[in-house]
Every structure is written in structure tokens, then in C-alpha cells.
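[1] pasted the sequence and its predicted model underneath.
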Protein chains: 4
Amino acid sequence: MTTATDGSEEAELRRHILDTARHLLVQEGYKALSMRTIADAIGYSATSIYLHFDGKDALLHALIHEGMMALRDRLRDAAAQHPESPVQRLHALCECFVEFGLENPEYYEIMFQLRPERMERYPPEKYRAARENLDFFARALDEGVDQGIFEVDDSRVSASAVWASLHGTVSLLLADRVDVHIDPDAFIETAIRQVLRGFQAPAASTS
Amino acid sequence: MTTATDGSEEAELRRHILDTARHLLVQEGYKALSMRTIADAIGYSATSIYLHFDGKDALLHALIHEGMMALRDRLRDAAAQHPESPVQRLHALCECFVEFGLENPEYYEIMFQLRPERMERYPPEKYRAARENLDFFARALDEGVDQGIFEVDDSRVSASAVWASLHGTVSLLLADRVDVHIDPDAFIETAIRQVLRGFQAPAASTS
Amino acid sequence: MTTATDGSEEAELRRHILDTARHLLVQEGYKALSMRTIADAIGYSATSIYLHFDGKDALLHALIHEGMMALRDRLRDAAAQHPESPVQRLHALCECFVEFGLENPEYYEIMFQLRPERMERYPPEKYRAARENLDFFARALDEGVDQGIFEVDDSRVSASAVWASLHGTVSLLLADRVDVHIDPDAFIETAIRQVLRGFQAPAASTS
Amino acid sequence: MTTATDGSEEAELRRHILDTARHLLVQEGYKALSMRTIADAIGYSATSIYLHFDGKDALLHALIHEGMMALRDRLRDAAAQHPESPVQRLHALCECFVEFGLENPEYYEIMFQLRPERMERYPPEKYRAARENLDFFARALDEGVDQGIFEVDDSRVSASAVWASLHGTVSLLLADRVDVHIDPDAFIETAIRQVLRGFQAPAASTS
DNA sequence: GATGAATGAGCGTTCATTCAT
DNA sequence: AATGAATGAACGCTCATTCAT
């Protein structure tokens, strides 16, 4: 209940709303996330939410932003643990991303799966956090290239491709779309391994 | 059991409904796909749909199933064009999947992105089509391994990983989550290339 | 209850809705006229109203249109009773208008007092009925001019001025804005008399 | 009783509220006049307004009262400029009234068009101002009768009729209910001219 | 004197679904 | 086989008002 570390009374309910919304989102699905359900869940009237957020969009934006920041913090930590080896760092970043997605499915859906039509007015400046997250991957690739370990055309494009692979991995797992006969951990490990191998500069030249 | 092949009049309207629903879905989007919309479009009353489908969910399931079959057909064609070279075949399969996703975004959404809670009663037997689709990739990998071109532990797990990469690629593109500065085609090409390179046996040369 | 003379079942509820809406309008005021209140009053669900009207605006438009037609019919009758004398006809038209307004305050408010901002999409073709109503007055004036009884510059402008006087008279009475010490009938009679005297060609020229 | 003339701080904010409310009313329209809007505009909390007014109704009553006083002042000025000629004075009064209405449309709405049920508790003593406004017209008529220029039965009834004509004129113009083909100025001029001609004693010459 | 927090009632509208016919 | 009539539940949101502080 008292998850908020910020002691100000005003911010407390705001936190409560955000936390509840996030939980409802993953437990009941996006369609079930209405101002009323949130209000009911926190035991306040629907009107009260409007004291803290301009509307449903603003609430979702706040959620997305929180998620982006949380992810950024974790990626930064992961990157910091392998300052020397781009390979190890990239590996850690991949694992970190997947872990984050699986541990925070509630964030994940609105962060990466919500169709833009439903969220048209997301303030572009907040996308900066998203871009920053991509940069962790791009930098690792760049350094790998510098050290002759990776072979990459455009590091930002390749970083996006890495991101796509990881996103697909998380996405399928969350949506329960992976064949039941496949062990999730093996699936994740394989996905990450292949991502890494996709960049390795071949020892032997191919042409 | 006799889902669609018998020529009875009953099946005819069922087809009509499905075709119309698919059209609406693709052209107007998932949100616009309501029973009333479909009914209006086919010129029948909304009630009539219930004579042929248990409800909206069942209709969606049927649509998903159709989509899976359509995708399967396309993948089969793509695979058939490269019976000898597993590498080229895998490449074609990847391109085929991405194309399918981008050409049928709304279709794609209900096939792979709809949260499971919205389709609780999706009959598991229908997942067979989905599994079959995965098999195209797995077989290509298996043959590549046989020919010493690919290096893979478990072909079904790896096929799932390939699928995850492709799904992530399509997903991010459809959700407009790829950085605007990145060219979509370069992004797709890079993603597919990395997938392929992820399997290459170190010593193998492709030409 | 069974005010409708049209026997079709479908039209019956439509009539019921219109009648109820009209009554609620005058008894509870425009602000109190919501889809829900109407629905409650007729004992149906709010949704049912949408089976007969596209929305609240369409409902109001129908009400306005009905009122315009009813007024037109009455004006036509009044005019027909004095085909020869423009003066008597004009007098009858004035009395008819005021009577209509006082007898149908429910129609009157939405017909003449609703601010356009609240009803932006009123189909212009329906204003034709309103214009036709004005024409009864304009024709009487024209004929009076022909017969040398009236002195008028532009008959349509003058007809509008007549209409304004009558509208003001009805309006103040309905809004209870006439001094309590003033007898309503005397007020009406005086208003109409002055309107008529305003057109009389002076027996002696004034310049 | 001590409504607005004492200089206490309490009265100052009351003034501020009224002025702001009037501004908002005139500029944004009646619908946009909410307690929150007013509060935001004055930089106080919405709650504060309740320290100075019993509620929104009371605030509206005060606004109406102010409007009546403002109109009275303008009518008084107009009357004062023609102390000798009742005809010219009546003419000036008419023009003044119409001008006031057209210049302050939203003001006009709450003063003369708000349905009584919305202002049940409007204190009757405040209607005095409204009655005073009528007296300007009645006095002009009385003097005209004394001078043999006007022919009038009951000057207060006739004044009410004049008022009705003017009110109708303003009303139709504000509600945009005058045929688009009719020039507003010609319409106003004609309306006023007819009002005046309605009183002229048959033999009287005006120049 | 002033406020922030909170609320209940209400708005127009959409939707999937049911049922008697 | 097909339908028109009807509905309950829900949606995001706004408003005037209250009350403890």
C-alpha cells in the first residue's frame, strides 16, 4: 500500500493511482483499464483521479514515462558492470531488457505494445528516454566495431534490430504465444545468443 | 469439424461474414470492428451473425484461424521456391513473414498481439496451424544443420527465436516505435540479415 | 399515451419519445432534457432512443421541424380565413402566432430560443419551413401595399420586424418577464395593435 | 443591503469575482461559465467563491442585477439627451436598448432569456431595476400623450409592448434566426421605425 | 479568509448480446 | 433463417458543491 517513498501527501495518492493502474493493466488487460476501475480499485471516486491527472491519456503517459525511466536505470546499471567488454556488455543489456519485460509486463504493454492511434498525443520529448535506452545498445555495438569484434553497418539501425529481437522475445512470452513444448529459459537464451552471434565479425572472410 | 468446406447455404453466409469482417478489420482497424459494423456491411441484421457464430470471440477466433492458414500458404510458397538451399529458403521465409505482417497490420494484431484474456476459449486445436507455421522455419534450420551450413542446438527453439525476431520487427514497425531517423527498409534488411548470420556455422561460406 | 394517429408500431415509440421530450423540455427546462431523462420518462432504456434517432441533435431537429410544420399549418389556416382583407389577415396571423407560442411553449423554446452554437448541425433545408412561415406575413403586407392600405419599404424586412415583435411578446410572456401588474391579454392586444398601426398608410401625409 | 458600496476587503474580492465572471460570460459564453473557470481566472480556489456567494445561482443573480443597472444607466443617458422631444427620446431609448443587447449578447441571455426555473430564488426586490428600465419608455409615452403626439391607452402596457418588440429584435439577431438575406441594420431600423409609427397620433406631423 | 481534497450526479454515446416473433 | 426491438453495462469526462483544516 505505502509503496511511495515520497512523503508528500499529495504525491501519495498519485503514486497509488499509478501503481494500481499498472497492476490492473496487467491483470485485467488494457480494455479493462478505465478510470472507473482504477477509482474503484483505490477506493476513491473516479473524479478524484482528475485531481492528479489531466485525463486518461496523461495517466498512461505518466506510466510510460515511469517505465522508460525504470528501464533506463536498469540498462545503465547493466552497462556499467561491463565497461571494458562490448560483447559482455551487449549480452548483459539483452538479458536486462528481457528480464525487465518479463518482470514488468504491466509497464511493458503500454510502453511498447500500445498502438499509437490510441495514444496520439504522447509528448515527443518523452520519447527521448526511449531513444536513450536504444543508445546503450548502439554504444556497445560501436565500441565492438572499434575493437574489431563486431561487424556492423549502422550501429543505430543494428541496435534497433537487436531491440526488435528482444522485444519479439518478450512479447511472445507475455502473450503466451510460445509453443508449450519449448522451455522459456532455453528460448530466451537462444534468442540472445543468436542476437550476439549475428554481429560477430567472422574469423574467416566470406567472399 | 466441417468448418468451411461444405457448400451449404449456411456456410455461404458464414464465409460472407468472415470476408466482410476481415475487410473491415484491415481497412478500419480493430476498434471499428463491431458486430453492428459487420452487420451493416453485409446487409444483414446484427442478430444474424449469432446464427453463425457464438459471439464476437468466436468470430475473432475464426478470423485468426484464417489468418494462420493464409500465412501458412504464403510461407509454404516461399519455402517451395528454394527447395535446395536452406539459407535462401530461410531468408525467403523471413521476408515472407515480415511482408505478411506489414501488409496486414490489423490482421497481424489479432493474430499475434491480442492479449490471451480476450480469447480465453480459443480452441487449442487451432493452434496447430500456428505450430505448422513454425515448422517451416524449423525444417529449414534442420536441413541447414544436415548440410553443415547452420549451427543449431534445438531447431524448434531456434525457430522460435527467429520467429521472435521477426515478430519484434513487425511489431515495432506497426506500432510506430522505430526511431523516425531509421529507414524502415534498412531496419528490416538488417534484422533479417542478423537472424541469418546468427546461425551460420563459423567456417561456412555462402557462395 | 396513444397520441399517435399513425398505427405503425415502429413509429409509435418515435412519437412517444418526441412527445415526452417536448413535455420535459417545457416542464423541466432545456438543461434537464437529457437522453436519460427522456428514457426514464417513457420507461425505456436510454439506448432505445438511439434506435429511432441518430442522437440528441437529431431528436431536437425533429422536434423543431415538427413545430415549424405545426405553426405553418396554423398560419395557413388563419391566412385562408381572410383572403380579401390584408389588414384582417395580418391581424389574424399575429394572433395565430402568439396563440401558438403560448399554447406550445415546449416547441417554442427549441424553435426560436435555442442558441445556434448548441445546435450547429441543423440541416439548412429544414429552415425552409421557417422561411415559409415568414412568407405568410410578407404576402399580407405586399397585398396591403398593392391596395394602398400599407406603407412598406421591403416586405420581407418588415415581415421580419413583425415577427420580431410577436416573438418578443411571446418570449417575455413565456419567460415570465412581464410586469405582474400588467394584464397579459391587454399586453398581447396592445402589442398586436401597435404592429398593425405601424404599417397603416397615414391618411394625411407627414411631410 | 450593503451590496457593493462599502469599501471592505470582503467586498473587493466580491467585485473581482463579479467582474471576472462577467468577462468570462461575455467572452466565452454562458456554457463556459463554471465555478472552476471563474476561480482559475481570478487566481483563487473555487471554494473561495462560496465565501462571497451562496452558490452559482446567487452569483448569476448578482450578474443579472448588475446588468440591469448598467442598462438603466445607459437608458438614463439616452433619455437625458432628449428632454424635450418624446419622439426623439423614445427613438433614442429604442436604439439604446438594441445596442446594449447586441453589444452584450451573453449578458443579454442571462438577463432576459434564462428560463425562470433556473433562478427560482431570484429576489423579487431586484426586479425593481427591471421595472425602472421600463419606466423610461412609459414616461416618454406619457409625455408624448400630454403633448398630443402619441396616442396610447395605458402607457405601461404600451411600454411593455415596445419592450417586447425590441426584445424580439435583439433576440432573433442573437439567435441568428433572421433570414440571411436580410440586412441586420435594415432589420433593426425597420423594427424601431414601426414601433414609433405604432404610436403616432393620426394627425400629428413630426417636423 | 482561504484552500485542497474529495465526491455524487450527470452527460451523450457505443457495444455485445438477448429474445419474441 | 432472419429480424427488430430492446437492454445493461460501460466509457471518459465535467460540474457544483461540501468539508476538514
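    Now that the structure is in, tell me what you want to look at. Since the model is a prediction, treat every value here as computed from it, not as a measurement.
[2] need the longest helix for chain A.
    Looking across chain A with DSSP state H, the single longest helix is helix A:56-80.
[3] which is the next helix or strand following the worst-scoring helix or strand of chain A on mean pLDDT?
    Least confident helix or strand of chain A, by mean pLDDT, DSSP states H and E, is helix A:105-108 with a mean of 82. The helix or strand immediately downstream of helix A:105-108 is helix A:127-146, counting by DSSP states H and E.
[4] thinking again about what came up before, C-terminal to the longest helix of chain A, what's the next element?
    Downstream of helix A:56-80 (by DSSP H and E), the next one is helix A:86-103.
[5] where does chain A dip in pLDDT?
    A:1-10, A:115-127, A:202-207 (pLDDT under 70).
[6] check contacts around whichever residue of it sits closest to DNA strand F.
    In chain A, the residue that lies nearest DNA strand F is A:Ser34 (2.8 Å; Cβ to the nearest atom of the strand). From N, CA and C alone the C-beta is placed, and that goes for glycine too. Applying Cβ atoms under 8 Å, 6 or more residues apart in numbering or on different chains, we find A:Ser34 in contact with A:Lys56.
[7] for it, grab phi and psi.
    phi -120, psi 160 (degrees, to the nearest 10).
[8] likewise for A:Phe150?
    Dihedral angles for A:Phe150 - degrees, to the nearest 10 - are phi -100, psi 160.
[9] what sits against the closest residue to it other than its chain neighbours?
    Nearest residue to A:Phe150 in three dimensions, chain neighbours excluded: A:Gly144, at 3.3 Å (Cβ to Cβ, 6 or more residues apart in numbering or on different chains). By Cβ under 8 Å, 6+ apart, the residues touching A:Gly144 are A:Pro86, A:Val87, A:Leu90, A:Phe150, A:Val152, A:Phe199.
[10] please redo it, this time with the cut-off set to 10 Å
    A:Gly144 sits next to A:85-87, A:89-90, A:150-152, A:155, A:196, A:199-201 when contact means Cβ atoms under 10 Å, 6 or more residues apart in numbering or on different chains.
[11] go on, A:Asp183?
    Contacts for A:Asp183 (Cβ under 10 Å, 6+ apart) come out as A:Glu189, A:Thr190, B:Asp154, B:Val157.
[12] do that again at 8 Å, thanks
    B:Val157.
[13] and the gap between it and B:Leu134?
    From A:Asp183 over to B:Leu134 the distance is 15 Å, taken as Cβ to Cβ, to the nearest Å.
[14] which SSE is the nearest residue to A:Ile42 once chain neighbours are set aside in?
    Here the nearest residue to A:Ile42 in space, its sequence neighbours aside, is A:Thr20; by Cβ to Cβ, 6+ apart that works out to 5.0 Å. Using DSSP H and E, the element containing A:Thr20 is helix A:9-28.
[15] tell me what the following helix or strand past that helix is packed against?
    Note on helix A:9-28: by DSSP H and E, the next helix or strand toward the C-terminus is helix A:35-42. For helix A:35-42, the packing partners by 3 or more Cβ pairs under 8 Å, 6 or more residues apart in numbering or on different chains; DSSP states H and E come out as helix A:9-28, helix A:46-52.
[16] which positions in chain A make contact with DNA strand E?
    A:Glu9, A:Glu10, A:Leu13, A:Gly43, A:Tyr44, A:Ser45, A:Ala46, A:Thr47, A:Ser48, A:Tyr50, A:Leu51 (Cβ under 7 Å from any atom of the strand).
[17] pull the most distant pair out of those.
    A:Glu9 and A:Ala46 (20.4 Å; Cβ to Cβ).
[18] gap between stretch A:98-114 and the chain center?
    Its chain's C-alpha centre and that of stretch A:98-114 lie 5 Å apart, by Cα atoms, centre = their mean, to the nearest Å.
[19] briefly note if that stretch comes near chain B.
    Yes. Judged by Cβ under 8 Å from any Cβ of the partner chain, stretch A:98-114 comes into contact with chain B through A:Glu109, A:Phe112, A:Gln113, A:Leu114.
[20] domain map for chain A?
    A:7-53, A:56-197 (automatic domain parsing).
[21] next, format those as CSV and append distance to C:Ala62.
    Output for the domains of chain A, formatted as CSV (distance: least, Cβ to Cβ, whole Å):
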stretch, distance to C:Ala62
domain A:7-53, 33
domain A:56-197, 34
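[22] of the helices and strands packed on helix A:35-42, which stretch is the most buried?
    Most buried of the helices and strands packed on helix A:35-42, by mean neighbour count (mean count of other Cβ atoms under 10 Å in any protein chain shown): helix A:9-28, with a mean of 17.
[23] picking that back up, between the contacts of A:Gly144, which is closest to chain B?
    Using Cβ to the nearest Cβ, A:Phe199 is the member of these that sits closest to chain B, with 7.1 Å.
[24] mind listing what the closest one touches?
    So A:Phe199 contacts A:Leu90, A:Leu141, A:Gly144, A:Phe150, A:Glu151, A:Val152, A:Ser158, B:Gln194, B:Arg197 (Cβ under 8 Å, 6+ apart).
[25] now the fifth one: closest residue in space that isn't a chain neighbour?
    Once its chain neighbours are removed from consideration, A:Glu151 has its nearest residue in A:Ala201; the separation is 4.1 Å (Cβ to Cβ, 6+ apart).
[26] nearest residue to A:Arg193 in space, please, no chain neighbours.
    B:Gly198 (7.7 Å).
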